[in-house]
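1. Next one to model:
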Amino acid sequence: MRQVVTTKTGGVGVLRVEEKPDPRPGPGEVVVNVRAAGINFADILARQGLYPDGPRKPCVMGYEVAGLVEEVGEGVDPDLVGMPVVAMTRFGGQSEKVIVHARQLIEKPDSLTFEQAAAIPVNYLTAYALLVAMGGLRKGEAVLIHNAGGGVGLAALDIAKHIGAVTYGTASPSKHDFLLKRGLDHPIDYRTQDWLPVLKKLTGGRGVELVIDPIGGSHWKKSYRALRHTGRLGMFGVSAASANGLKGKFKLLKAAVQMPRFHPLGLLNKNRGVFGLNLGHMWHEPEKVVEWVQALMEGVQEGWIRPYVDRAFSFEQAGEAHSYIESRKNIGKVVLVP
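-> Predicted coordinates for the structure are as follows:
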């Protein structure tokens with residue numbers, strides 16, 4: 001089988017397609033023949049040496065796949081063979097074949113292509129946890145979605161619209177028309193203006209009940225100032241640190257130094273809350289994840305979960321896919337196809 005291997009820390013040139021032996025399933029496991037594998041910003045940070053949870057290099061990244069069950073191990077229902085499925089993987093997903101425990105499988109909805117199905121696990125689970133499980137967003141409340149045109153951003157927009165929230169989103173101007181058609185109430189250009197005064201003006205100076213922010217560093221301080229009373233800030237990434245080599249390490253250090261320090265008395269007096277999410281640290285909470293997945297699959301059937309795939313790159317184009325995401329060109333999800 002072929003895999004996209006991150007051979008060492010560096011630029012996109014360190015990505016190589018390599019041949020590896022086909023995996024064999026153990027007890028309770030299945031082999032999935034991958035038709036599409038998701039790419040996430042964590043994969044880019046791992047390549048740059050800025051993702052502490054990443055595996056030791058050389059490694060194969062990838063948290064999510066969609067494909068067909070090819071082989072089952074001992075104790076697994078043989079009728080699963082041939083079933084189209086979606087699965088989360090703790091790395092290794094960017095391969096032609098992956099080993100997955102049978103309990104991690106989700107039957108792929110007929111209404112979704114393999115590429116669309118691969119766009120669901122990381123992006124939509126992250127958005128669901130931020131907005132519903134931890135953010136407690138309710139009908140009529142207002143939410144600010146940073147990077148609204150990205151994979152998590154579009155997922156959050158789907159969920160927020162279903163809840164009945166008022167949606168604000170920062171994005172480059174070239175993405176505004178698309179976002180308006182997807183249902184975003186108020187797109188905000190963050191590149192040519194300061195987004196915070198614009199948001200305050202749109203909300204009559206009050207701010208919003210929920211902000212979800214994947215940028216990190218001093219940006220979290222600014223997002224905190226965007227909250228009205230009873231507002232919540234959900235932090236789930238440090239994309240501000242993305243860069244290769246020493247520049248990346250410097251940016252990560254700078255982001256760490258500039259991160260806010262939230263004092264309990266300040267939170268009390270302002271009636272605000274803050275929380276963080278790292279979906280990669282949820283593997284020991286499978287019951288919660290299963291509950292969220294079930295809600296999302298119901299959303300697919302009901303039509304309010306609408307995964308959008310911007311582009312699908314071949315394994316050999318993995319470097320181009322990374323560059324495409326790093327340059328913020330994508331709207332929605334980018335996937336790899338074997």
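2. What ranges in the protein fall below the confidence cut-off?
-> 240-243, 245-246, 248-250 (pLDDT under 70).
3. And the helices in it?
-> 41-47, 114-118, 121-128, 151-163, 176-182, 195-202, 219-225, 245-258, 264-270, 286-302, 318-326 (DSSP state H).
4. what angle sits between the third one and helix 286-302?
-> With axes from the mean of the first three to the mean of the last three CA atoms, to 10 degrees applied, the angle from helix 121-128 to helix 286-302 works out at 100 degrees.
5. Going by contacts, tell me the helices and strands next to helix 121-128.
-> Packing partners of helix 121-128 (3 or more CB pairs under 8 Å, 6 or more residues apart in numbering; DSSP states H and E): strand 29-38, strand 84-88, helix 151-163, helix 286-302. Where you see a C-beta, it was placed from the backbone N, CA and C, and this is true even at glycine.
6. Next, the buried residues of that helix.
-> 121-128 (16 or more other CB atoms under 10 Å).
7. of all the helices and strands packed on helix 121-128, which lies closest to Gln104?
-> Closest approach to Gln104 among those (CB to CB): strand 84-88, 5.2 Å.
8. counting contacts, what elements does that closest one pack onto?
-> strand 64-72, strand 105-107, helix 114-118, helix 121-128.
9. Spell out which residues make up each domain of the protein.
-> The chain breaks down into these domains under automatic domain parsing: 2-120+308-337, 122-280.
10. Show me the one of those domains that comes nearest Ala295.
-> Among those, if distance is taken as CB to CB, the winner is domain 122-280, at 6.7 Å.
11. Out of the helices of the chain, flag the one nearest Ser239.
-> helix 41-47 (5.8 Å).
12. In TSV: the domains of the chain, plus distance to Glu291.
-> Formatted as TSV, the domains of the chain follow (distance: least, CB to CB, whole Å):
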stretch	distance to Glu291
domain 2-120+308-337	13
domain 122-280	9
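13. Out of the ones you listed, the one nearest Leu296 is which?
-> domain 122-280 (5.1 Å).
14. For Asp189, which residues are in contact?
-> 170-173, 176, 195, 198 (CB atoms under 8 Å, 6 or more residues apart in numbering).
15. now the helices of the chain in a markdown table, with distance to Asp22?
-> Shown next, in a markdown table, are the helices of the chain (distance: least, CB to CB, whole Å):
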| stretch | distance to Asp22 |
| --- | --- |
| helix 41-47 | 23 |
| helix 114-118 | 20 |
| helix 121-128 | 23 |
| helix 151-163 | 30 |
| helix 176-182 | 40 |
| helix 195-202 | 49 |
| helix 219-225 | 44 |
| helix 245-258 | 35 |
| helix 264-270 | 53 |
| helix 286-302 | 27 |
| helix 318-326 | 20 |
